[in-house]
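Enquirer: please find the sequence and the predicted model below.
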Amino acid sequence: MMHTAVGVVNNRSKEYASLLGSLRLSGKFLVKFSRTDPICRLRKRRDPKNRSCIATRPIPPPALLRPRWTNSPMLLLRFFDSLPTRLWLTGSLGKARRDITPACLALWCLGFATVLAQSPRLDQSSEELSDAFEKRIGPWIGTHCAGCHNEDNRESGVRVDHLDASLPEESLRLWESIRDQVHDGKMPPEEEPQPTAEERLEFLRWLDQSLHLAKTRPTPRNGTMRRLTVPQYDRSLRSLLGIDRQLTTTLPPDAVSRDGFTNQASTLVMNPLQLEAYFKIAEQALETALVDPKRPPKIQFFRMDLGKSIHSNPSSEPLVLGANNHLLPNADFIVTEPDLTKPFPFELFRMQRKFRFIEGYQGNDTVRAWRDFDGIEHSVFACMRGNEGYPKGRAYEIFPNGLALRPAIPSPEIFGESSTYGPQANFKISLRELPENGKFQVRVTASRIEDLLLIDPSIPIWTPEAPAAASAEAPAENNSANPSAMRVVSIPEDGVYQIQITTVQPKDSPAKEHELKLELTRPSSEPNQAPKHLQASGMLKQPAFAVARMQKGDWQIALTYGGPDPIDRVEFHRLDKTRPNDDSSDEPAASTKATRWLAHFERFESRSPKLGVHIGLRRDCGSTLSQVGASQLVASKVPEVYIFEGDIANFPTPDVEANNVNYLAGIREIGVRHEYTDGRETPRLLIHRVEFEGPFYDTWPPESHRRIFSDWTDRTDPTDRTDPTDRTDRTDPTDPTDPTDPTDPTDPTDPTDPTDRKYARGIVERFATNAFRRPLSSIEKSQLEAILETELRSGRSLAKSIQETLLVVLTSPQFLYITETSQGPQAEPLDEWEFASKLSYFLWNAPPDAELLGLAREGQLRKGLDHQIDRLLADRRSESFADSFVSEWLSLDKFDVVEIDAKRYPHLTRDARKHLRREPIEFFRHMLKTNAPAIDLIQSDYLVANEVVASYYGLGDQTESGFEFTPLVHRRPSLGGVLTQAAPLAGLSDGREANPVKRGAWFARRIIAEPPEDPPPNVPKLEDLTELTLREKLQRHRDVRGCAQCHSGIDPWGLPFEQYDASGRGRADRVDSATKLANGKELEDFHAFRTYLAQERVDQVAFSFAKHLAIYACGRGLTYNETLWLRENLGQHKESGYRTVDILRWIIHSDLFDKK
């Protein structure tokens, strides 16, 4: 056995010798050095191939560290001459570069000390079987099998020429298949030479004995070291440091295992670029979390108020902001930078007001001429952008107290088309300056408008029979030339009214459509109460214009009409009381229409707009805005403040050189939208005010800094609460010396001060304990203290020394890996800390919280395990588990990349795809929440949908949930369960046509866990089959030599899915979706197919779910014996219906999860 250390040291042999003595590992320590290194004088021997030497040194027996068994390969270090040295790891890691002390190397040694696992020795019967293989069985396979199943000719995708007597775990399934083929007489084929009955029996007898030994032999566990996935690493960093900045975008995506998951130990290798990136990310993370407490922060704060003529002294200078930008009139908004109150000193950032540019724009034309600009109106703009021609009403209108927005209808934003300018009703604050880093807040003061509903001419209109409840004549001059003309109408009682507007139209004159703006104002009876205001603009296509809820009293009417004919009359007809003087119960047709319109209006006014904030940068074509958090429901008719937070570094930023002389260069944007769902009419959103503050701090230093440099109680003077790294009141505040400079002469800390050093050691120990998710070993603690001491001796300040030591912690394997340390190949329980981490990263994709770690510390975690499982699943952090598991189990990544034919499937828009992508995830979350049975995966009488998803399936009128996913009863045979969901089905198409082969293979692998063999590499290309039907194409493909066996396990499963098109929706036309399964069962369509699964194959569906869940939970593939155990013991859940959470709890309690 050999232990191998990982890390980097300076090329000083004295320090290295000391390091080796401190490792206290048994065996020999092998390191490869360049030949010029002085350490080579120790027992060196030549390595002629690499022109270097190998130095070996015996290491004393273990004293503090027991040997660790893992499945990781041995790692070999190469140290080169340069300082800092460059490290090469020849195992699963790769190359990295870091100048780290010998103590740091020791810390890595503790994280990566491994042994080479020894294969179990064959017993006597195994040796006999091995001898039989060499003498008789191997030649038999060569004679009867290897001719058609070899490396070059893998008929049916099968290769046998590499098999031997060891029967490794990964070959057992192939051996079993071989046994079945030989036993049933299917192999060798009839046209090939046949073995005698005695030879066939001898082969089967040998194989049965070998399979029995292989299945019953104990599988070495040896512990594991599993690198955190990129999402897990990102959440671990954020949780540990208390930061929001996303720093992991530079990391390559995690590899996908054969089982389809990215959290598997076998694929979570560390490549050279990754290791280099981890160092950079750790540096950025610490720089983001830590600040200089002495320096007050600089904070940007501005406010934009909106409203008709709100600016008393607006700029008269016309502004330009590029093509298709509709700038709000300067009088209708005002930008200020008011003072800000904080409980700590800070500097208020003031935006630039004077500019000089040479390049500007007039429409789409470029103008080149130097020009000076002065005023905040050239720094901050208020504009609308998006496609022209809002389908109903105006996209936006200025109200006396704000900006009214209709839903921002998404567009594909295709370059060169009119849709390139973003969604309609797209309000943006464009500005030149925003912070580069730090947390920010956007505070939007908004309300829900008590709105009018514009009448859609496509819906049958109610024609009133009774006289109008109220009416007013309009003067002949009341048109676009005289918009201020007003009349007063008296509404007799509270109610819902249909407003009809007629024009003076000459006889025989064709009706034309023109825009009409209607304003209704009811003065307030209370002195401090704002007047009631209703306002809407739309095309006057018919007398019936709008529906509104109005209160009794006098209302002022203002009309602006763009048509040539004057307005004749405005009438108000009571919609909720169509026949005020008739008490009969009969409902004539006109009243029925009125009732429908009343119900339509009541649904309309029961809805609330969704407020969304987006941040990005301006460009001529397309949008770069990214959403800040989730949209928020604005239900109040009274203005309220809605807060959106994020880290500015997570959003698109302009990449322009300093002092760019183009007027539009580097423009940032803050978008405020009324978010669109599925087109249903919703009261408008009224934006009163928008505020931006950033970087945003509640305290100074911020919480991320205090989390690390918090007060430490183990100090010489317990009453001293000052931060020794805070130089406030210790130095001249005007001193410009950079406090992060290690040579800073004004640093107040004294490396020899025992109080400061004890404080620093406490910070490092506590941080490392949280990072490692367990208490530190004595060796780890001493090595970290040694690193800290080395940093202090180098002349760095206390704060910088601590930061450098924390950097070592964040790049150590104890933080980057989920480690399960084993004492040998025998299975043993996880310790409490390992169990807490494994459970947390399973159900949260994040590190354990204080409650889990507290139970681990007390040794009580397993005693209340079910309660903790329920608690973790109820927490919002479990959304990450559902997202990751379902996305990978159901291969939703294919939906992300498939290119859908937009002309053939226009309903599958970019925004619809975003919501359909979440449907399977939300469906699974609902199953967890309700502990639903496994049969719901196959067929369920409910969907879990929001308005977008429900409308996609034609059920939009059955929900009012907005963007929230809720259960919805569908009563349709083509819906329910994961098999009918659009995301997996569309992802398994080519974007134009459905693909039964892809869908069948997916179903076999993911839903019933009967995966087909991989296709052979040498299948000949098919001829052009465009003239054939689907079934003829599949039959022709099956007739190709080597394809029949694979497709017999694919095509029968895929054919029923022909009932769904490439967009994942059920076909309107009838198609042939009949199938005949491998067992001879004939099914006429998808409905029969799904019924068969629910009645006869639910056990296999439950097994597939449990198997994939166990693989994901354990972070590794299951062995043959573990799969067999799972299948044999899962039946205990059959009586209860294989309920989802019951299976999840059972897996966590099992040895699959709890043993290492």
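Expert: Great, that's in hand.
Enquirer: residue 297 against residue 347, yeah?
Expert: Yes - Residue 297 lies in contact with residue 347 (Cβ atoms under 8 Å); the separation is 7.2 Å. In short, each C-beta sits where N, CA and C put it, glycine included.
Enquirer: of the two, give the one with the bigger neighbour count.
Expert: Taking other Cβ atoms under 10 Å, residue 297 and residue 347 do not tie; residue 297 has more neighbours (19 against 10).
Enquirer: residue contacts, the more buried one?
Expert: 291, 346-347, 695, 697, 700 (Cβ atoms under 8 Å, 6 or more residues apart in numbering).
Enquirer: go on, residue 1125?
Expert: Residues in contact with residue 1125 (Cβ under 8 Å, 6+ apart) are residue 1152.
Enquirer: same deal with the one 10 residues further on?
Expert: The neighbours of residue 1135, taking Cβ under 8 Å, 6+ apart as the test, come to nothing; the list is empty.
Enquirer: so which strand or helix has residue 215?
Expert: Assessed by DSSP states H and E, residue 215 sits inside helix 197-216.
Enquirer: same question for that helix, mean pLDDT?
Expert: For helix 197-216, the mean pLDDT works out to 89.
Enquirer: next one: the very next helix or strand once past it to chain centre, how far?
Expert: Following helix 197-216 in sequence order, the next helix or strand is strand 224-227 (DSSP H and E). Centre-to-centre, strand 224-227 and its host chain are 23 Å apart (Cα atoms, centre = their mean, to the nearest Å).
Enquirer: may I see the buried residues of strand 224-227?
Expert: 224-227 (16 or more other Cβ atoms under 10 Å).
Enquirer: got it, and stretch 445-456?
Expert: So for stretch 445-456, counting by 16+ other Cβ under 10 Å, buried means 445-449, 451-455.
Enquirer: would you list the phi and psi of residue 765?
Expert: The phi and psi values for residue 765, taken as degrees, to the nearest 10, are phi -60, psi -50.
Enquirer: for it, grab the count of nearby residues.
Expert: Residues near residue 765, counting by other Cβ under 10 Å, number 17.
Enquirer: for it, list the residues it contacts.
Expert: Shown in contact with residue 765 (Cβ under 8 Å, 6+ apart): 776, 781, 784.
Enquirer: again with residue 689
Expert: Residue 689 touches 303-306, 402, 443-445, counting by Cβ under 8 Å, 6+ apart.
Enquirer: next: residue 917.
Expert: When contacts are counted by Cβ under 8 Å, 6+ apart, residue 917 touches 892, 895-896, 983.
Enquirer: show the subsequent helix or strand relative to the helix or strand hosting it.
Expert: Using DSSP H and E, residue 917 maps to helix 910-930. Using DSSP H and E, the helix or strand that follows helix 910-930 in sequence is strand 942-945.
Enquirer: got the CA coordinates for that next one in CSV?
Expert: This file holds the C-alpha atoms of strand 942-945, laid out as CSV (Å, rounded to 0.1, in the frame of the first residue of the first chain):
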residue,chain,number,x,y,z
TYR,A,942,-54.6,16.1,-12.5
LEU,A,943,-51.9,18.4,-14.0
VAL,A,944,-49.6,20.7,-12.0
ALA,A,945,-49.7,23.8,-14.1
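Enquirer: mind giving me the packing neighbours of it?
Expert: The contact analysis (3 or more Cβ pairs under 8 Å, 6 or more residues apart in numbering; DSSP states H and E) places strand 942-945 against helix 910-930, strand 966-969.
Enquirer: okay, and residue 572 sits in which element?
Expert: Assigned by DSSP H and E, residue 572 belongs to strand 567-574.
Enquirer: and that strand, average pLDDT?
Expert: The average pLDDT for strand 567-574 rounds to 90.
Enquirer: for stretch 985-993, same thing?
Expert: Here stretch 985-993 scores 96 as its mean pLDDT.
Enquirer: in it, what's buried?
Expert: Neighbour counts over stretch 985-993 (16+ other Cβ under 10 Å) mark 985-989, 991 as buried.
Enquirer: and if you look at stretch 336-352?
Expert: 342, 346, 349.
Enquirer: stretch 1113-1124 now?
Expert: Buried residues in stretch 1113-1124, counted by 16+ other Cβ under 10 Å: 1113-1123.
Enquirer: what's the answer for stretch 264-276, then?
Expert: The neighbour-count check on stretch 264-276 (16+ other Cβ under 10 Å) flags 264-268, 270, 274-276 as buried.
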